[in-house]
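**Q** just need the structure, nothing else, for what follows:
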Amino acid sequence: MNASVAIQVLPKVNSDDEVIRIVDEVIAYIQSTGLNYFVGPCETSIEGDYDELMEIIKECQKVAVRAGAKSVSAYVKINYRPEGDVLTIEKKVTKHHQ
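**A** Got it, this is the predicted structure:
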């Protein structure tokens, strides 16, 4: 696992309920990839291969639009280590969620 990303998807819609519904669809898509992920209050972190994660980030935008967003803003953080493994989600947060 040479990369991890954190993505915050912000669909442009008319209500908070619609934001939640669309973000839930994006999270369901992320879950369907089978990769390790962690949902936080402002972003979702995902671990895996760099190229695969870049495709997932692109698809998250498309999922939000298909779910009804007129447009989508996304904030993405990328941690990439081409010659080794990145720190895992488990190593980063487990001690804080016991």
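
**Q** only C-alpha atoms from now on, for both contacts and neighbour counts.
**A** Will do.

**Q** chain center to stretch 31-45, what's the gap?
**A** 5 Å (CA atoms, centre = their mean, to the nearest Å).

**Q** which residues of the protein fall in strands?
**A** Taking DSSP state E, the strands of the chain run over residues 3-11, 37-39, 44-48, 72-80.

**Q** now render those as TSV, adding mean pLDDT and mean neighbour count.
**A** Shown next, in TSV, are the strands of the chain (pLDDT from 0 to 100; neighbours: other CA atoms under 10 Å):
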stretch	mean pLDDT	mean neighbour count
strand 3-11	98	21
strand 37-39	97	17
strand 44-48	98	21
strand 72-80	97	14
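
**Q** can you list those strands in JSON lines and add distance to residue 20?
**A** Below are the strands of the chain laid out as JSON lines (distance: least, CA to CA, whole Å):
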{"stretch": "strand 3-11", "distance to residue 20": "9"}
{"stretch": "strand 37-39", "distance to residue 20": "13"}
{"stretch": "strand 44-48", "distance to residue 20": "14"}
{"stretch": "strand 72-80", "distance to residue 20": "13"}
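
**Q** for the nearest residue to residue 74 once chain neighbours are set aside, which residues are in contact?
**A** Once flanking residues are discounted, residue 74 sits nearest to residue 9: 4.5 Å by CA to CA, 6 or more residues apart in numbering. Contact partners of residue 9, counting by CA atoms under 8 Å, 6 or more residues apart in numbering, are 23, 43, 60, 61, 72, 73, 74, 75.

**Q** and which of those residues is nearest to residue 13?
**A** Distance ranking of the contacts of residue 9 against residue 13, using CA to CA, places residue 72 first at 9.1 Å.

**Q** from residue 75, how far out is the residue lying closest to that closest one once chain neighbours are set aside?
**A** What sits nearest to residue 72 in space, not counting adjacent residues and going by CA to CA, 6+ apart, is residue 11, at 4.4 Å. Separation of residue 11 from residue 75 (CA to CA, to the nearest Å): 12 Å.
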